[in-house]
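Chemist: Let's see this in three dimensions:
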Amino acid sequence: MNKIEIKTWQDDFRFALKNIEQVNKFFDLNIPQMPYDIVIPYNLALRIKEGGLKSILWKQFIPSADELGDIQSHGQEDPIGDKVHSKEGAIVHRYRNRVLFFPTTVCPVICRYCFRKNELSSNDDIFKQNFEKTKSYILEHPEIEEVIFSGGDPLMLSNERLEFYLEEFSKITQIKYLRLHTRTPIILPLRLDDDFMALIKNFSERFETLSMAIHVNHCDEIDSNVAQALEKLSLTHHLNLLSQTVLLKGINDNETDLINLFRNINKFKIRPYYLHHPDRVKGAMHFQIDIPTGRKIFANLRSQLPGWLLPTYILDIPGGHGKQSIFNPEAIDFTGKVLNIKGKLIRI
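Modeler: Take a look at the predicted model:
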């Protein structure tokens with residue numbers, strides 16, 4: 001395959017590998033057909049190829065036969081219970097004062113461990129758009145004060161569409177906080193162009209707090225282009241930068257890699273927010289680690305990082321119960337098998 005000149009983030013995504021035939025040809029592989037979607041932007045594919053099959057990038061983004069075996073395992077199609085709390089208007093209302101909003105199902109890359117890989121691949125009804133119903137639901141629930149953009153990835157929207165949503169939410173006086181959850185700065189750093197940065201700067205002053213939670217799992221994801229994009233974000237006044245990291249077997253399931261990651265992103269004024277225990281996702285169970293192992297890793301982080309550089313180690317409880325800290329001895333027994341939620345013991 002001849003090298004393609006990439007000038008914009010749209011070019012990078014347009015020439016992404018989007019099926020197993022393209023992946024096999026680009027990497028000279030023979031991977032069987034997969035039931036899950038594939039998206040690997042062109043520049044990321046080049047980085048993966050350079051790193052090789054044992055690299056962190058390869059393990060996260062290249063489909064493997066393990067996914068087919070995992071389909072027969074005990075993973076769940078909706079491990080965090082999105083459907084339990086879904087409402088019309090592409091929103092999920094799990095917590096009293098905030099809602100998830102799904103403006104798009106498009107992602108810059110399909111992570112092989114994605115907790116929504118089954119829902120996104122099937123284009124589930126929870127993603128169906130009706131923005132008038134979205135606004136109506138929020139106005140009917142004055143306790144809602146934060147809208148969290150999820151998906152899909154909101155930064156895959158055009159600047160014009162993203163501006164439309166931000167403008168509409170800024171007009172709803174009860175919405176004080178707006179949060180964008182995204183993997184795009186890591187995967188498509190060219191997305192953070194001048195027009196986008198001007199848009200973010202504008203709306204960072206229109207909400208009491210505008211946050212961006214960046215999904216990053218390992219230092220190997222941050223090359224010079226990504227670092228340049230993160231530097232742009234760090235220089236944006238009034239923008240609250242957070243990180244989300246998933247604890248994954250064979251990727252970052254050791255304190256050394258996590259400590260290096262959290263120290264690295266701190267240089268860009270990104271505060272580690274959540275360390276997610278991996279969800280029990282159908283088709284992604286080969287990334288699982290057990291909770292006792294995760295607790296030991298987190299204990300070592302606590303002894304080597306300042307408290308302000310330490311994320312909260314959480315589990316999204318199956319069945320729609322929400323997020324729970326799993327390093328609190330009062331909330332979980334030391335075998336990692338029982339959670340105490342509001343006085344109820346829940347086996348996991």
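
Chemist: Okay, helices next: where are they in the stretch 1-150 of the chain?
Modeler: Along the stretch 1-150 of the chain, counting by DSSP state H, counting those that start in this stretch, helices occupy 9-14, 20-27, 42-51, 56-61, 66-71, 117-121, 131-139.

Chemist: Which residue ranges make up each domain of the protein?
Modeler: Split into domains by automatic domain parsing, the chain comes to 9-71, 82-287+317-323.

Chemist: Quick one: mean pLDDT over the first one.
Modeler: Meaning domain 9-71. Mean pLDDT, domain 9-71: 93.

Chemist: do the last one as well
Modeler: Regarding domain 82-287+317-323, the rounded mean pLDDT is 91.

Chemist: Residue 286 is nearest to which of the helices of the stretch 1-150 of the chain?
Modeler: With respect to residue 286, and counting by CB to CB, the nearest of the helices of the stretch 1-150 of the chain is helix 66-71 at 4.1 Å. Just so you know, the C-beta spots here come from the backbone N, C-alpha and C atoms, and that holds for glycine as well.

Chemist: Not counting sequence-adjacent ones, nearest residue to residue 47?
Modeler: Leaving aside its chain neighbours, residue 47 sits nearest to residue 57 (5.9 Å; criterion: CB to CB, 6 or more residues apart in numbering).

Chemist: correct me, but the one you found touches residue 217?
Modeler: No - using CB atoms under 8 Å, residue 57 makes no contact with residue 217, being 10.0 Å away.

Chemist: which of the two has more neighbours?
Modeler: Remark: of residue 57 and residue 217, residue 217 carries more neighbours, 25 against 22, as counted by other CB atoms under 10 Å.

Chemist: The more buried one and residue 60 touch, don't they?
Modeler: Yes - at 6.9 Å, residue 217 counts as touching residue 60 under the criterion of CB under 8 Å.

Chemist: joint contacts of the two?
Modeler: The contact sets of residue 217 and residue 60 overlap at 248, 251 (CB atoms under 8 Å, 6 or more residues apart in numbering).

Chemist: what kind of secondary structure is residue 237 in?
Modeler: Following DSSP: H, G, I helix; E, B strand; the rest coil, we place residue 237 in the coil state.

Chemist: circling back to that earlier point, enumerate every residue touching the residue nearest to residue 47.
Modeler: With contact taken as CB under 8 Å, 6+ apart, residue 57 is in contact with 44, 47, 48, 51, 220, 221.

Chemist: 10 Å - rerun?
Modeler: Residues in contact with residue 57 (CB atoms under 10 Å, 6 or more residues apart in numbering) are 40, 44-45, 47-51, 109, 218, 220-221, 223, 251.

Chemist: now, which of the residues you listed sits nearest residue 203?
Modeler: Distances from residue 203 to the contacts of residue 57, taken by CB to CB, are shortest for residue 109, at 25.2 Å.

Chemist: Hmm, residue 255 and residue 296 touching each other?
Modeler: Yes - using CB atoms under 10 Å, residue 296 is in contact with residue 255, at 8.8 Å.

Chemist: quick one: which of those two has more around it?
Modeler: With neighbours defined as other CB under 10 Å, residue 296 and residue 255 compare such that residue 255 has more, 18 against 10.

Chemist: between residue 57 and residue 217, what contacts are shared?
Modeler: Counting by CB under 10 Å, 6+ apart, the contacts common to residue 57 and residue 217 are residue 251.

Chemist: longest helix of this protein?
Modeler: Looking across the chain with DSSP state H, the single longest helix is helix 291-304.
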